[in-house]
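Novice: just coords:
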């Protein structure tokens with residue numbers, strides 16, 4: 001794949017920082033080969049593991065390609081992992097060498113010197129620690145005996161249920177998934193990607209790096225965390241045609257910038273409830289949103305978690321080119337999705353070409369059951385976990401996703417929630433917390449929520465937009481006791497109103513028995529899913 005891209009797109013822009021000097025695919029090839037030779041001179045051979053602990057940058061892709069080019073195995077590590085988690089991954093993966101970015105160098109202090117023989121700066125490719133090179137750079141030849149079923153990477157998941165697992169993905173798993181993703185949405189060498197998700201996650205790794213490189217597109221990286229102050233100027237500079245995001249990003253934009261405009265006065269709020277007027281207002285807002293994103297966006301991929309229904313309805317009526325994708329780290333990742341022109345409200349789309357999807361043992365009434373997948377993109381297994389691998393991959397090759405879903409008559413998949421998140425009531429009924437949360441999140445002033453079971457009761461933890469609420473009582477700030485009294489009364493009334501609203505929208509056994517104010521944002525995984533295990 002790389003050789004094909006280097007030869008076909010040599011003069012094209014490849015991997016760059018936003019607004020900085022060009023790097024053609026021919027230049028990219030030279031840099032990949034230089035790092036590949038450096039690795040071999042450091043004694044890295046086929047099958048050795050090399051870790052990458054770095055924020056997003058062009059050199060991240062250069063290192064990943066160099067590692068896999070010589071048949072070594074990349075171990076991308078999520079920057080958000082704690083020092084102890086990073087140390088455990090390095091030890092468990094048996095990584096011999098680690099590339100680290102300057103801003104994350106402090107996180108590898110716990111790593112044993114016996115575990116890693118060499119540490120290299122990813123910004124400069126200069127050695128930070130380790131012995132002298134053991135090879136001759138002049139005579140070193142990059143091997144060509146790499147097979148498609150050889151391991152390319154071991155990616156440690158950051159699941160919402162606790163312990164990380166090392167997912168073994170082959171060269172074929174990754175390239176096949178990227179190639180067939182192109183059958184859902186075609187891209188060309190003229191496309192420009194703006195990267196905002198961590199490259200160490202399979203979602204961005206395959207679809208935000210391998211996929212664009214396969215077709216000669218350019219990928220642009222931010223030097224700082226994608227806050228609005230950083231992101232908005234970057235969007236105007238790059239004018240991306242494609243972006244990959246998680247629901248939280250677009251949900252925040254909608255709730256903080258778009259929805260308040262529709263609620264700013266009673267006249268607009270009343271008019272917005274009339275369907276034709278709402279659609280017109282959403283279309284106008286959609287044009288402004290497109291301008292914010294640079295005006296040339298064709299594909300806005302959303303994955304990693306379920307998108308809020310109200311937000312999706314807005315995107316649809318705004319004619320914003322969003323697309324829902326579904327997959328897991330274990331499937332490299334994509335297994336289902338639909339391009340913007342054929343997407344449907346509150347569905348994901350059909351199975352990706354070449355992937356077989358079934359709903360195992362569907363409920364006779366609802367048609368819902370666990371989603372199983374089979375295809376060339378299904379992982380080889382969990383590293384050093386043969387028993388765990390047997391639990392999730394059947395003898396005939398079906399991968400059990402652990403997700404609940406159903407198909408409509410035309411084969412479009414809908415996501416219900418995680419099987420592990422499902423709560424069984426005392427009467428034996430299945431309760432899906434994600435469904436209740438979507439209703440709560442549509443309520444006024446709610447930022448996010450989590451529904452769990454405590455001592456047999458269904459409990460909703462709710463984070464409110466306190467700045468918005470406190471602004472109503474600015475006049476009382478000088479009278480602390482009165483101010484606090486009014487805030488507390490207002491919160492009590494609001495939570496009671498919320499509980500009544502939610503319970504009027506759900507069936508009897510899904511009714512919330514207690515609503516608790518969540519004092520600070522929930523802890524999340526790098527793909528912005530709430531770490532449920534911390535709160536259950």
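Specialist: That came in fine, so what should we check first? Bear in mind the structure is a predicted one, so any value in this text is a computation, not a measurement.
Novice: What mean pLDDT does stretch 59-71 get?
Specialist: Per-residue pLDDT over stretch 59-71 has a mean of 97.
Novice: Other residues contacting it?
Specialist: With contact meaning Cβ atoms under 8 Å, 6 or more residues apart in numbering, stretch 59-71 is reached by 2, 15, 28, 31-36, 38-40, 44-47, 50, 52, 54, 73-74, 76, 99, 122-123, 125, 142-143, 145-146, 150, 152-153, 171, 199, 205, 209, 213, 219. Where you see a C-beta, it was placed from the backbone N, CA and C, and this is true even at glycine.
Novice: Narrow those residues to those in helices?
Specialist: Residues of these located in helices (DSSP state H): 2, 28, 31-36, 38-40, 171, 205, 213.
Novice: which one of those is nearest residue 433?
Specialist: Residue 433 lies nearest to residue 205 out of those, by Cβ to Cβ, at 29.0 Å.
Novice: Now the closest one. Nearest residue, chain neighbours left out?
Specialist: residue 199 (5.6 Å; Cβ to Cβ, 6 or more residues apart in numbering).
Novice: List the buried residues in stretch 247-265.
Specialist: 247-251, 253-255, 258-259, 262 (16 or more other Cβ atoms under 10 Å).
Novice: still on that earlier bit, and the ones in helices among the contacts of stretch 59-71, which two are the farthest apart?
Specialist: 40 and 205 (23.2 Å).
Novice: coming back round to it: which of the ones in helices among the contacts of stretch 59-71 count as buried?
Specialist: Looks like those have 2, 28, 31-33, 35-36, 38-40, 171, 205, 213 buried, using 16+ other Cβ under 10 Å.
Novice: could these go into a markdown table alongside distance to residue 535?
Specialist: Below are these laid out as a markdown table (distance: Cβ to Cβ, whole Å):
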| residue | distance to residue 535 |
| --- | --- |
| 2 | 43 |
| 28 | 44 |
| 31 | 44 |
| 32 | 43 |
| 33 | 48 |
| 35 | 42 |
| 36 | 45 |
| 38 | 45 |
| 39 | 42 |
| 40 | 47 |
| 171 | 39 |
| 205 | 29 |
| 213 | 39 |
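Novice: I'd like to know which of those residues is nearest to residue 116.
Specialist: Nearest to residue 116 among these, with distances taken as Cβ to Cβ, is residue 39, at 13.8 Å.
Novice: is it true that that closest one touches residue 72?
Specialist: Yes: using Cβ atoms under 8 Å, residue 39 is in contact with residue 72, at 6.6 Å.
Novice: Give me the common contacts of these two.
Specialist: With Cβ under 8 Å, 6+ apart, residue 39 and residue 72 have common neighbours residue 50.
Novice: Need the mean per-residue confidence for stretch 312-325.
Specialist: 96.
Novice: go on, stretch 166-186?
Specialist: Here the average pLDDT along stretch 166-186 is 97.
Novice: quick one: terminal-to-terminal distance for it?
Specialist: The first and final residues of stretch 166-186 sit 31 Å from each other (Cα to Cα, to the nearest Å).
Novice: Wait, a helix at residue 519?
Specialist: No: judged by DSSP: H, G, I helix; E, B strand; the rest coil, residue 519 forms no part of a helix; its state is coil.
Novice: Burial check on it, number of neighbours?
Specialist: Per other Cβ atoms under 10 Å, the neighbour tally for residue 519 reads 9.
Novice: Below-threshold pLDDT in the stretch 151-300 of the chain: ranges please.
Specialist: 158-163 (pLDDT under 70).
Novice: Show me which positions of the longest helix along the chain end up buried.
Specialist: In the chain, assigned by DSSP H, the helix with the most residues is helix 480-505. Neighbour-count burial for helix 480-505 flags 483, 486-487, 494-495, 498-499, 502-503, 505 (criterion: 16+ other Cβ under 10 Å).
Novice: repeat for stretch 283-296
Specialist: Applying 16+ other Cβ under 10 Å to stretch 283-296 flags 285-286, 289-290, 292-294 as buried.
Novice: repeat for stretch 352-359
Specialist: 352, 355, 357, 359.
Novice: Same check on stretch 119-138?
Specialist: Those would be 119-122, 125, 127, 130, 133, for stretch 119-138 by 16+ other Cβ under 10 Å.
Novice: And the ones in helices among the contacts of stretch 59-71, which is closest to residue 310?
Specialist: residue 205 (30.6 Å).
Novice: contacting residues around stretch 99-113?
Specialist: With Cβ under 8 Å, 6+ apart, stretch 99-113 has contacts from 50-55, 57, 63, 79, 81-84, 86-87, 90-91, 98, 116, 119-123, 128.
Novice: which among the residues you listed end up buried?
Specialist: Buried among the contacts of stretch 99-113 by 16+ other Cβ under 10 Å: 50-55, 57, 63, 79, 81, 86-87, 90, 98, 116, 119-122.
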